[in-house]
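Participant: any chance you can model this:
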Amino acid sequence: MGVGGGYIPRHILMNINESLGKLCQSHRVKLNKTQFQVAIDLNCSKENVSKFELGKNDNVNIFLWYLLHGLHISEIVRLYNESK
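Facilitator: The predicted structure follows:
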């Protein structure tokens, strides 16, 4: 099931993951943080953070870190709407 109870095709989800990763990476850079610093905060590997920013995983804990550090939900909604 997808947002609003509808099905979201895999290719759209992959595109959203890549776009979300780029958005999060840009936000992290604005915060003057490294992937290593994010990994330390989350007690995970730098590689896991890197894969998230490349859209290769959808780790919710990493995503929440960005939200808790100022990434605005409206930016994420915009990405979703642009991918339709």
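Participant: the closest residue to residue 59 other than its chain neighbours and residue 7, how far apart?
Facilitator: Sequence neighbours aside, residue 52 is the residue nearest to residue 59 in space, at 5.4 Å (criterion: Cβ to Cβ, 6 or more residues apart in numbering). Placement of C-beta: from N, CA and C, glycine included. Taking Cβ to Cβ, to the nearest Å as the criterion, residue 52 is separated from residue 7 by 24 Å.
Participant: the more surrounded of the two?
Facilitator: residue 52 (27 against 8; other Cβ atoms under 10 Å).
Participant: and the more buried one, what helix or strand is that in?
Facilitator: helix 46-53 (DSSP states H and E).
Participant: which other helices and strands does that helix contact?
Facilitator: helix 10-30, helix 35-42, helix 60-68 (3 or more Cβ pairs under 8 Å, 6 or more residues apart in numbering; DSSP states H and E).
Participant: could you measure from the spatially closest residue to residue 15 that is not a sequence neighbour over to residue 17?
Facilitator: Spatially, and ignoring its direct neighbours in sequence, residue 15 is nearest to residue 83 (5.4 Å; Cβ to Cβ, 6+ apart). Using Cβ to Cβ, residue 83 is found at 10 Å from residue 17.
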